[in-house]
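*Asks:* could you look at this predicted model? Sequence included:
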Amino acid sequence: MTLDQLRIFVAVAERQHVTRAAEALNLVQSAVSAAINALETRHAVKLFHRVGRGIELTEAGGVFLSEARAVLARAQAAELVLADLSGLRRGTLSIQASQTIASHWLPRHLVAFRAAYPDIILRLSIGNTAEAAESVRAGTAELAFVEGAIDDGSLASTPIAEDRLVLVVSPGHPLAGCARPGRSDLASVSWVLREPGSGTRSAFEAAIVALGIAPDVLTVALELPSNEAVLAAVVAGAGASVLSEAVVGPSLRTEALVAVPFALPTRTFQVLRHKERYRSRAADALLDLIRAAP
């Protein structure tokens with residue numbers, strides 16, 4: 001069994017598609033199929049069900065997937081140690097970030113890092129706060145940038161930046177002219193929110209609880225998996241929402257949205273690292289660059 005076979009298996013399992021996995025790995029489809037067949041033949045176990053043109057993981061394949069990911073994470077960690085010995089002249093830095101951070105705050109810092117260390121490959125994955133924390137816990141990312149604190153004894157959480165949440169509605173919404181909405185105002189309208197587990201939603205719910213408002217009094221009309229989807233729905237008049245100032249800024253400037261005066265606390269962006277795993281120079285360099293940025 002080789003690392004290349006494991007990478008191919010994981011790529012196919014994540015995409016549930018041989019052709020898409022081949023494209024992602026820059027391999028021909030026959031090479032991907034051969035690697036999967038070699039694993040199945042050598043170990044006399046079926047990893048995938050072939051259903052028409054599609055494929056699905058078998059029960060054995062699902063068990064093997066978590067082990068394969070763990071092995072690849074350890075191999076990447078070993079490579080990271082060797083890369084570090086070259087003094088930031090080569091290597092890969094794997095990062096996961098929540099959607100708000102990845103789309104609106106982190107890119108300028110990654111561009112600056114790339115300019116300073118052009119030989120370091122940056123790999124950025126996007127997920128909600130819970131998924132980003134899990135990536136560091138599992139070792140698939142060295143750093144995760146998330147919104148708010150994470151209660152996990154295996155992870156070190158450090159403040160890295162601040163952000164402000166804004167309550168927004170479309171111009172014709174009932175709250176658009178409300179000087180100071182109260183509990184009854186919030187309960188009387190429909191809401192468009194991110195999915196449970198997202199940092200934005202968690203921060204909003206914590207804020208209203210602190211004001212004595214239970215989240216379950218809100219009528220949630222839509223739960224959507226991205227900031228962009230929430231933003232589009234609110235602009236279309238689907239309801240009220242709370243999003244990062246960085247997300248809604250352009251829409252406020254064009255008056256596609258209206259900010260409702262509602263006291264929401266500033267939240268902190270956190271960077272997560274595993275307490276027991278190797279700390280690379282590349283990760284330290286990125287964090288130093290972020291802290292030094294204006």
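*Replies:* Done, it's in.

*Asks:* show me what contacts A149?
*Replies:* Going by CB atoms under 8 Å, 6 or more residues apart in numbering, A149 touches S157, T268, Q270. From N, CA and C alone the C-beta is placed, and that goes for glycine too.

*Asks:* same question for R277.
*Replies:* A77, G139, E142.

*Asks:* apply 7 Å and report the result again.
*Replies:* Residues near R277 by CB atoms under 7 Å, 6 or more residues apart in numbering: A77, G139.

*Asks:* hmm, which of the contacts of A149 are the buried ones?
*Replies:* Among these, those classed as buried by 16 or more other CB atoms under 10 Å are S157, T268, Q270.

*Asks:* quick one: list the elements packing against the longest helix along the chain.
*Replies:* With secondary structure taken from DSSP state H, the chain has its longest helix at helix 59-85. Packing partners of helix 59-85 (3 or more CB pairs under 7 Å, 6 or more residues apart in numbering; DSSP states H and E): helix 3-15.

*Asks:* could you give me the buried positions within the helix it packs on?
*Replies:* By neighbour count with 16+ other CB under 10 Å, helix 3-15 contains the buried residues Q5, L6, R7, I8, F9, V10, A11, V12, A13.

*Asks:* excluding chain neighbours, what is closest to T219?
*Replies:* Distances taken as CB to CB, 6 or more residues apart in numbering place S190 nearest to T219, at 5.2 Å, with adjacent residues excluded.

*Asks:* separation between that neighbour and T254?
*Replies:* Taking CB to CB, to the nearest Å as the measure, S190 falls 23 Å from T254.

*Asks:* over to D163?
*Replies:* Taking CB to CB as the measure, D163 falls 21 Å from T254.

*Asks:* more neighbours, these two?
*Replies:* Shown here are D163 and T254; by other CB atoms under 10 Å, D163 has more neighbours (21 against 9).

*Asks:* quick check: phi and psi at the more buried one.
*Replies:* Here is the backbone geometry of D163 (degrees, to the nearest 10): phi -150, psi 150.

*Asks:* from what I can see it touches F269, true?
*Replies:* Yes - distance between D163 and F269: 5.9 Å, which falls inside the contact criterion (CB atoms under 7 Å).

*Asks:* who touches both of the two?
*Replies:* Counting by CB under 7 Å, 6+ apart, the residues touching both D163 and F269 are E147.

*Asks:* just the strands from the stretch 151-294 of the chain, written as ranges.
*Replies:* Applying DSSP state E, counting those that start in this stretch to the stretch 151-294 of the chain gives strands spanning 155-169, 190-194, 219-224, 241-244, 258-259, 266-274.
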